[in-house]
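Peer 1: no FASTA, just this:
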Ligand code: G3H
């Protein structure tokens, strides 16, 4: 079958789906977690359709895979009260628990989570169309993230398990929790990016309300029991529904202490503005990006093409870190375009479970039409689709389109596409891509492709002041998760990495006393009798 033909016959009949990847039972979620219980819900629900369509006779339709609760303001406020009660202004069982005990709860959760791997991976494929390989990677990466977080917290705790004596003052300095944290993750990494804030928020002693992204809810369902069984009452709560109905009441109550949100800056701004006490709200935000790849005239073509393909098209380009615009030096533009298009056209289109599949259907309902509008706009303004199979649409599927030559007048030049459309801009003067980055609203990462150390060095120095990661002959990416992940301008607020995250969900707090005999006696007694969890020299082994 030719590739262009494949687009039109991409969706399988039910009987063509391998038995082991069929979703035999629909997930009709009728519960939410509140106050330590799995509360029944018999109100309205949101139906969930997979980006994967099923062919039946002459029709092709998105597969119905289940539903989840559409809660109202009433439940949302009950959930908030559950978290407030669990935290109890810092007096609660969870925030006053020792770090070692909290770690044990998280370890118990990981043990239970591991057993749900197959279910979660299957739902990642069906709910957001991520390939089997990437879905497995997302699950395993999340487990590793939790384990690394535990290890990082142990190191912090060990370093804090001693007293400091300075200028006649004895002190013990530790991390203390902040309160009630609202965690909201994105659809493209619904598990990993939600847990990248949820787990550090939890393990540092906060009470958490977590709202899964609109696309990517059901995959959390198999884990709800593990949450319920692993943590004290009210420490983990879940909320589902329309943002205006369930998130606005949380924010406007003024009782959310930390907002951890990965999504658009538009929504982040709305959420922040709903909070009546902005200076009390701490925000950890991962927002839009339009990372550029700069391909210099001496770039080594083979590796540049390889990194550009994975950089632009992993998970169909639906990564905040994706390369979303390529600037290529005029002198090698045609060579690069030929090789790049050949590589893009070699990618396999198909269903998430297929072997070696690269490009899969898109979960966002209006995405193919939006991408089409960006392509049409570029074509009207003089660009062409330069790869063979670019821009064909079949329902939720959009085949990757390479647009060339792209100019500043085109929408794709500045709009974040978050999908498989790749704008390529030829340049003569290096100031063209540099001023693009300087003038951009975003400032997450950049990739430079070239071989001359002097030229690369001269680009690194200004670029590190524009973005937060400069990748040399490598695609943009978040990982490894121990590296700091952040952005400037409208791309982020706060820094996440395994250890940074522990810092952002807690605050350095100390107990201090003048070094008098009386104080020495009091502190020694507390430590000896282990009557405080904070003031303690216990060392986690
Ligand atoms: O969508 C943004 C993700 O944090 C990107 O992570 O670079 O590891 O794919 P990644």
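Peer 2: Alright, I've got the coordinates. This one's a predicted model, so the numbers in the text were calculated from it and none came from an experiment.

Peer 1: just checking, residue 33 is part of a strand?
Peer 2: Yes: assessed by DSSP: H, G, I helix; E, B strand; the rest coil, residue 33 belongs to a strand.

Peer 1: any idea how far it lies from residue 470?
Peer 2: To residue 470, residue 33 is 42 Å away according to CB to CB, to the nearest Å. In this view, the C-beta of every residue, glycine as well, is placed from N, C-alpha and C.

Peer 1: residue 444 now?
Peer 2: Residue 444 is 11 Å from residue 470, by CB to CB.

Peer 1: which one's more surrounded, these two?
Peer 2: residue 444 (27 against 20; other CB atoms under 10 Å).

Peer 1: wait, what's in contact with residue 311?
Peer 2: Shown in contact with residue 311 (CB atoms under 8 Å, 6 or more residues apart in numbering): 293, 322-323, 447, 475-477.

Peer 1: ugh, typo on my part, it should be residue 274
Peer 2: 248, 251-252.

Peer 1: mind checking the backbone torsions on the closest residue in space to it that isn't next to it in sequence?
Peer 2: Sequence neighbours aside, residue 251 is the residue nearest to residue 274 in space, at 3.8 Å (criterion: CB to CB, 6 or more residues apart in numbering). The phi and psi torsions at residue 251 (degrees, to the nearest 10) take the values phi -70, psi -40.

Peer 1: correct me, but residue 251 touches residue 257?
Peer 2: No: between residue 251 and residue 257 no contact is recorded; they are 11.4 Å apart, counting by CB atoms under 8 Å.

Peer 1: can you count the residues close to the nearest residue to residue 318 once chain neighbours are set aside?
Peer 2: Distances taken as CB to CB, 6+ apart place residue 188 nearest to residue 318, at 4.6 Å, with adjacent residues excluded. Residue 188: 24 surrounding residues under other CB under 10 Å.

Peer 1: pretty sure residue 188 sits in a helix.
Peer 2: No: read with three-state DSSP, residue 188 is coil and lies in no helix.

Peer 1: per-residue confidence averaged over stretch 266-275?
Peer 2: Per-region confidence: stretch 266-275 scores 97 on mean pLDDT.

Peer 1: could you do stretch 69-87 as well?
Peer 2: For stretch 69-87, the per-residue pLDDT averages 98.

Peer 1: buried set for that stretch?
Peer 2: Of the residues in stretch 69-87, 69-71, 75-76, 78-84, 86-87 count as buried by neighbour count, 16 or more other CB atoms under 10 Å.

Peer 1: which two of those residues have the greatest separation?
Peer 2: 70 and 87 (26.6 Å; CB to CB).

Peer 1: backbone phi and psi for the residue positioned nearest the centre of the chain, please?
Peer 2: In the chain, the centroid-proximal residue (CA atoms, centre = their mean) is residue 193; its distance is 3.1 Å. Torsion angles at residue 193 (phi, psi; degrees, to the nearest 10) stand at phi -80, psi -30.

Peer 1: taking the contacts of residue 311 one by one, which sit in strands?
Peer 2: Among the contacts of residue 311, the members found in strands (DSSP state E) are 293, 323, 447.

Peer 1: and the second one, how far from residue 391?
Peer 2: Using CB to CB, we find residue 323 at a distance of 19 Å from residue 391.

Peer 1: between those two, who's got more neighbours?
Peer 2: Set residue 323 next to residue 391 and count neighbours by other CB under 10 Å: residue 323 wins out with 28 against 21.

Peer 1: three-state assignment of residue 338?
Peer 2: Once three-state DSSP is applied, residue 338 turns out helix.

Peer 1: same check on residue 364?
Peer 2: Classified using three-state DSSP, residue 364 is coil.

Peer 1: now do it, the pLDDT please.
Peer 2: 97.

Peer 1: check the average confidence over the helix ranked longest in the chain, would you?
Peer 2: Using DSSP state H, we find that the single longest helix of the chain is helix 132-159. Averaged over helix 132-159, pLDDT sits at 97.

Peer 1: list the buried ones in it?
Peer 2: 132, 134-136, 138-139, 141-142, 145-146, 148-150, 152-154, 156-157.

Peer 1: got a list of contacts for the very next helix or strand once past it?
Peer 2: As assigned by DSSP states H and E, the chain's next helix or strand after helix 132-159 is strand 164-166. Residues from elsewhere that reach strand 164-166, judged by CB under 8 Å, 6+ apart: 170-173, 515.

Peer 1: ok, 6 Å please
Peer 2: residue 171 (CB atoms under 6 Å, 6 or more residues apart in numbering).

Peer 1: mind listing the strands that strand pairs with, and their directions?
Peer 2: Strand pairing for strand 164-166, determined by DSSP bridges: strand 169-177 (antiparallel).

Peer 1: tell me the domain ranges of the protein?
Peer 2: 71-286, 291-480 (automatic domain parsing).

Peer 1: wait, which of those is closest to residue 61?
Peer 2: domain 291-480 (8.3 Å).

Peer 1: of all the residues in the stretch 101-250 of the chain, which ones are close to the ligand?
Peer 2: Residues of the stretch 101-250 of the chain lying close to the ligand by CB under 6 Å from any ligand atom are 188-189, 193.

Peer 1: please redo it, this time with the cut-off set to 8 Å
Peer 2: For the stretch 101-250 of the chain, the residues in contact with the ligand (CB under 8 Å from any ligand atom) are 141, 186, 188-189, 192-193, 196.
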